[in-house]
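# okay, structure incoming, though there's no sequence with it:
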């Protein structure tokens, strides 16, 4: 693994992702349009479309990476993006179901610079809002048949997403169990991430390929590519959570250290630390409260000493390399291949 | 509506429900057998099969009403219960998903005389356990095809359960919004109950009928019958929650008054109270804490004065009468009709 953490300049999201956004946003809004009054406002608030009072707004929300990847994959194997739209919407809704519940679990007060759903409406209602978001994913998938998908393929899509949900939820559970542990090995951490983040990105490419009419071997290669991209994406996310630029991210450098998130660099450091470093890290991470400025500095010093940045970035790049190699087995056309490589490169070198 | 609240003697669950229990329990256990270590223990603990440490036990759990009703309906329309087993299991898992999340929302510490999942493992993990339970419902449904169900019918079953989940969740949401209100009309309350309890019992009969090969008109009549039975069941539950026998139920008489649950008798009383009664009820129900013995006595006195018991019981019996009338449209055989009437009678006259 070669660490190239220090040469990660600012790069922007591949332009091809943007081309799906207009249609996708319209389909996403339609999927939540019928939801009951207050509950619907909670969902649309979370998506960045409404204020807490239900007034239309356009707040910052997620990148829409999963649905765009699904539509891209569908087109890359020769399908029309329309055919995968219901699946793309469902993927984004499942992702957001998991975010709403994650925020309750982690007691996070903010997301994209706005209060989280539970912070506004309380935990009981936020829990219900998450469950509703997930249910709309299923409701949307039943529309696949309307766009001409056979019952067999519709069932296959539902099955893939159900299994993906199970992995995602198991990943969340593992993540929770890691909170009280200081002996998580990087391999264990990556297994957790593979479920919590990788499964849904795998499903995005898997379903895009299935609905685009790909051969089984192509479907399998693209699904595996998705899983690896998910791992690469998360490893880079972990790097940015500690060393990300405050201005770009809107959060302080060392943010994940402050809230004692046991992300990949920290898990690595706990494994590689010498006796005195380990003693300090354990003392700081066992205490229940957030870390103060001095403690954050101290932990960052230990991470730098162990080159945890270089390690985490090298994991991201290793996964990226594996993902692009795996994608070759799918024998996509030159344009699609170039786009996928551009996306993989963005995932591990982005600064936001 | 004729109130016959005072003649509800002790009657036991219809014997025909028991005949499905052995097969059902085996199928339920199989559905959760593969769940990951700790998470699996949480699910099996909730079902009453394991201790918190994962040691096998046989604790009291639910009545298994929904799955038994599904299997019964399948057989009543001429099908074999095997054909509906996956759906029956899914119904019970969805019911238990909603219970695990309900307990978190309501901060209930006990269920069936044991600590609730969140009380043992904390809210974040319990939230995940509920989500897992729901996902196993979906996973189980994908086994329908193995028992010979066509892709079209499997999709139909999944669609019915998805729509049922949405109603159930919306019902939970309405229930939460009622907590801060003292002006809920009985009609609003019954609409909430129709979703929160009625939808899943409707789905039980709907799916039993579909999987047993019933005609559309039969399916529709049985589905409507299920919804009405759900309303009858809940109205009787509300009666028992206040006036139920402590020994039989294992909870104190007036239990739902103590925790200020705005069940049907209370909602009715708030509507019918005279000025001074309303003033007292409002004062007691606005305060945040549980009610003490004296306050419980006072509220029970007001309920008795307004015959809230008689009202709630008469609603239960009205729904029972509508349910059995509706069931006639399904033109079941004499044995099945008699069993269904026996079940309906049990639902509104049971004392536990």
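Nice, thanks for sending it over. Remember, it's a predicted structure, so these values are computed and weren't measured experimentally.
# spell out which parts of chain A neighbour chain B.
A:36, A:38-39, A:101, A:104-106, A:123-125, A:127-128, A:131-132, A:134-136, A:138-139, A:142, A:145, A:150-152, A:154-155, A:158-159, A:162-163, A:165-166, A:169-170, A:172-173, A:176-177 (C-beta under 8 Å from any C-beta of the partner chain). C-betas here are computed from N, CA, C, even on glycine.
# separate out the buried members of these.
A:36, A:39, A:101, A:104-106, A:123-125, A:127-128, A:131-132, A:134-136, A:138-139, A:142, A:145, A:151, A:154-155, A:158-159, A:162-163, A:165-166, A:169-170, A:172-173, A:176-177 (16 or more other C-beta atoms under 10 Å in any protein chain shown).
# from those, which land in helices?
Mapping these onto helices (DSSP state H) picks out A:39, A:101, A:104-106, A:123-125, A:127-128, A:131-132, A:134-136, A:138-139, A:151, A:154-155, A:158-159, A:162-163, A:165-166, A:169-170, A:172-173, A:176-177.
# any stretches of the stretch 151-300 of chain A with poor pLDDT?
Residues of the stretch 151-300 of chain A that meet the criterion pLDDT under 70 lie in A:245-252.
# distance of residue A:267 from chain B?
To chain B, residue A:267 is 20 Å away according to C-beta to the nearest C-beta, to the nearest Å.
# again, but for residue A:25
Separation of residue A:25 from chain B (C-beta to the nearest C-beta): 23 Å.
# please, which helix or strand holds that residue?
helix A:21-32 (DSSP states H and E).
# again, but for residue A:58
Residue A:58 belongs to no helix or strand, assigned by DSSP H and E.
# any idea how far residue A:25 is from it?
10 Å (C-beta to C-beta, to the nearest Å).
# what sits against the closest residue to residue A:134 other than its chain neighbours?
The shortest distance from residue A:134 to any residue other than its chain neighbours is 3.9 Å, reached at residue A:97 (C-beta to C-beta, 6 or more residues apart in numbering or on different chains). Shown in contact with residue A:97 (C-beta atoms under 8 Å, 6 or more residues apart in numbering or on different chains): A:130-131, A:133-134, A:137.
# next: residue A:194.
Here residue A:194 is in contact with A:171, A:227, A:230-231 (criterion: C-beta under 8 Å, 6+ apart).
# change it to 10 Å
Contact analysis of residue A:194 by C-beta atoms under 10 Å, 6 or more residues apart in numbering or on different chains lists A:167, A:171, A:202, A:227-228, A:230-231, A:234, A:319.
# where neighbours are concerned, which of those has the most?
residue A:230 (29 neighbours; other C-beta atoms under 10 Å in any protein chain shown).
# surely that one is in contact with residue A:192?
No - with contact defined as C-beta atoms under 10 Å, residue A:230 does not count as touching residue A:192 (11.9 Å).
# okay, and the common contacts of those two?
Common neighbours of residue A:230 and residue A:192 (C-beta under 10 Å, 6+ apart) are residue A:198.
# returning to what we had before: make JSON lines from the contacts of residue A:97 and add pLDDT to it.
Putting the contacts of residue A:97 into JSON lines (pLDDT from 0 to 100) gives the following:
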{"residue": "A:130", "pLDDT": "98"}
{"residue": "A:131", "pLDDT": "98"}
{"residue": "A:133", "pLDDT": "98"}
{"residue": "A:134", "pLDDT": "98"}
{"residue": "A:137", "pLDDT": "98"}
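# which one of these is nearest chain B?
Relative to chain B, the closest of the contacts of residue A:97 is residue A:131; by C-beta to the nearest C-beta it sits at 4.9 Å.
# for that closest one, what are its contacts?
Contacts of residue A:131 by C-beta under 10 Å, 6+ apart are A:39, A:97, A:100-101, B:97-98, B:101, B:127, B:130-131, B:134, B:165-166, B:168-170, B:172-173.
# repeat that for residue A:226.
A:66, A:69-70, A:73, A:198-209, A:323, A:326-327.
# what about it, distance to residue A:202?
For residue A:226 relative to residue A:202 (C-beta to C-beta), the value is 4 Å.
# which residues do those two both contact?
Common contact partners of residue A:226 and residue A:202 (C-beta under 10 Å, 6+ apart): none.
# need phi/psi at residue A:115.
Backbone torsions for residue A:115, taken as degrees, to the nearest 10, come to phi -60, psi 140.
# what's around the spatially closest residue to it that is not a sequence neighbour, how many residues?
Among residues not flanking residue A:115 along the chain, residue A:109 sits closest, at 6.5 Å (C-beta to C-beta, 6+ apart). By other C-beta under 10 Å, 12 other residues sit near residue A:109.
# what about the strands in chain A?
Applying DSSP state E to chain A gives strands spanning A:110-111, A:114-115.
# is residue A:103 in contact with residue A:130, as I believe?
Yes - at 8.9 Å, residue A:103 counts as touching residue A:130 under the criterion of C-beta under 10 Å.
# could you check how far residue A:72 is from chain B?
27 Å.
# do the same with residue A:190
Distance from residue A:190 to chain B, by C-beta to the nearest C-beta: 17 Å.
# likewise for residue A:23?
For residue A:23 relative to chain B (C-beta to the nearest C-beta), the value is 24 Å.
# if I pick that residue, what's in contact with it?
So residue A:23 contacts A:67, A:71, A:81-82, A:85, A:88 (C-beta under 10 Å, 6+ apart).
# one more time with 7 Å
residue A:85 (C-beta atoms under 7 Å, 6 or more residues apart in numbering or on different chains).
# skipping adjacent residues, who's closest to residue A:302 in space?
residue A:277 (5.0 Å).
# oops, could you answer that again for residue A:242 instead?
Nearest non-adjacent residue to residue A:242, counting by C-beta to C-beta, 6+ apart: residue A:256, 5.2 Å away.
# in this structure the one you found contacts residue A:263, no?
Yes - counting by C-beta atoms under 7 Å, residue A:256 does reach residue A:263; the two are 5.3 Å apart.
# what touches both of the two?
With C-beta under 7 Å, 6+ apart as the test, residue A:256 and residue A:263 both reach residue A:241.
# which ones are touching the spatially most central residue of chain A?
The centroid of chain A falls nearest to residue A:197 when counting by C-alpha atoms, centre = their mean (5.0 Å). Residues near residue A:197 by C-beta under 7 Å, 6+ apart: A:230, A:233-234.
# again, but for residue A:90
Counted by C-beta under 7 Å, 6+ apart, residue A:90 has contacts A:137, A:140-141, A:161.
# got those residues as JSON lines, with neighbour count columns?
Formatted as JSON lines, the contacts of residue A:90 follow (neighbours: other C-beta atoms under 10 Å in any protein chain shown):
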{"residue": "A:137", "neighbour count": "23"}
{"residue": "A:140", "neighbour count": "24"}
{"residue": "A:141", "neighbour count": "26"}
{"residue": "A:161", "neighbour count": "24"}
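# next up, the contacts around residue A:208.
A:69-74, A:84.
# let's see that with 10 Å instead.
A:66-77, A:79, A:81, A:83-84, A:87-88, A:91, A:214, A:219, A:222-223, A:226.
# are any of those buried, and which?
Counted by 16+ other C-beta under 10 Å, the contacts of residue A:208 give A:66-77, A:79, A:81, A:83-84, A:87-88, A:91, A:214, A:219, A:222-223, A:226 as buried.
# taking those one by one, which sit in helices?
Per DSSP H, those map to helices at A:66-76, A:81, A:83-84, A:87-88, A:91, A:219, A:222-223, A:226.
# care to break chain A down by domain?
Chain A is divided into the following domains under automatic domain parsing: A:14-214, A:224-333.
# around residue A:115, how many other residues sit close by?
By other C-beta under 10 Å, neighbour count at residue A:115 equals 15.
# one more: the one 5 residues further on?
Taking other C-beta under 10 Å as the criterion, the count of residues near residue A:120 is 15.
# about what we covered before: which one of the domains of chain A lies nearest to residue B:292?
Among the domains of chain A, domain A:14-214 comes nearest to residue B:292, with 24.7 Å by C-beta to C-beta.
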